[in-house]
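Enquirer: What would the 3D arrangement of this be:
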Amino acid sequence: MTIENLSLIQILAILSASAAGGMRIGLPLLIIGIVRLDQLWSNIPFLSSIDPQIIIGILTSWSLFELLGTKKLIGLRIVQIIQLLLSPFVGAFMAIGVARLIDVQITPLWLLGLTGGLLALVLKLVLVGWFFRLGRIPIIVIFIEDFLSAGLVIFALKSPQNGGLIAMMLLWLALRSSTEWKYRFKKKKDNYV
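Expert: The predicted structure is shown next:
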């Protein structure tokens, strides 16, 4: 099967899972791993060589650190940097994992991983940009981000239309806010000249 044979529902499910990987690292992989523990890890190239109990332990520890470590500014910075570095890989893993779970038979599987990784990276870059622009993200936004990340994974498996729509809205917001930053930067630069 080629990329042209993908249905819109399958694309939306893959986008939803990749967007979840762009918001958090451990939580989306943990949720999808617990839901499909028997099938998932054997379908993802890198994770298939690691014992599932070790993966679950690592993801649980990291999810707790993402949740509790963001209370202090130094913990939030550490989490943001690690998430920024790993979000393309998690987005790619999520895209490939969900594609395998919903039985997408496609020859260039790396293309789905690349698309998912790029979406996750764009979302994480904008989130990090907002962090550095605002100086401090309110704690309620962090909880909304956790809730949205978990919801996107569940939507990817149960209601891909809604998850894909949310992922597309997040991408639109990310692109919109980045163009707004560019406009403000250019305006500020013109004021100094």
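Enquirer: Contacts only, for the residue lying closest to residue 162 once chain neighbours are set aside.
Expert: Distances taken as CB to CB, 6 or more residues apart in numbering place residue 155 nearest to residue 162, at 5.1 Å, with adjacent residues excluded. Using the backbone N, CA and C atoms, a C-beta is placed for each residue, glycine as well. Taking CB atoms under 8 Å, 6 or more residues apart in numbering as the criterion, residue 155 is in contact with 16, 162, 163, 164, 166.
Enquirer: centre of the chain versus the host helix or strand of residue 155, how much separation?
Expert: For residue 155, the host element (DSSP states H and E) is helix 139-158. Relative to the centre of its chain, helix 139-158 is centred 10 Å away, using CA atoms, centre = their mean, to the nearest Å.
Enquirer: Mind listing what's buried along it?
Expert: For helix 139-158, the neighbour count (16 or more other CB atoms under 10 Å) marks 142, 145-146, 148-157 as buried.
Enquirer: I figured residue 88 was touching residue 122, is that so?
Expert: No: the pair residue 88 / residue 122 is not scored as a contact, 9.6 Å apart, by CB atoms under 8 Å.
Enquirer: Could you tell me how many residues sit around residue 16?
Expert: Under the neighbour criterion other CB atoms under 10 Å, residue 16 is assigned a count of 32.
Enquirer: Can you give me the distance of the closest residue to it other than its chain neighbours to residue 96?
Expert: Closest residue to residue 16 apart from its sequence neighbours, by CB to CB, 6+ apart: residue 163 at 2.9 Å. The spacing between residue 163 and residue 96, counted by CB to CB, to the nearest Å, is 17 Å.
Enquirer: quick one: the helices in this structure?
Expert: Using DSSP state H, the helices of the chain run over 8-23, 26-35, 40-43, 52-68, 73-101, 109-134, 139-158, 160-192.
Enquirer: Mind putting those helices into JSON lines with mean pLDDT?
Expert: Converted to JSON lines, the helices of the chain look like this (pLDDT from 0 to 100):
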{"stretch": "helix 8-23", "mean pLDDT": "86"}
{"stretch": "helix 26-35", "mean pLDDT": "83"}
{"stretch": "helix 40-43", "mean pLDDT": "61"}
{"stretch": "helix 52-68", "mean pLDDT": "85"}
{"stretch": "helix 73-101", "mean pLDDT": "87"}
{"stretch": "helix 109-134", "mean pLDDT": "86"}
{"stretch": "helix 139-158", "mean pLDDT": "86"}
{"stretch": "helix 160-192", "mean pLDDT": "80"}
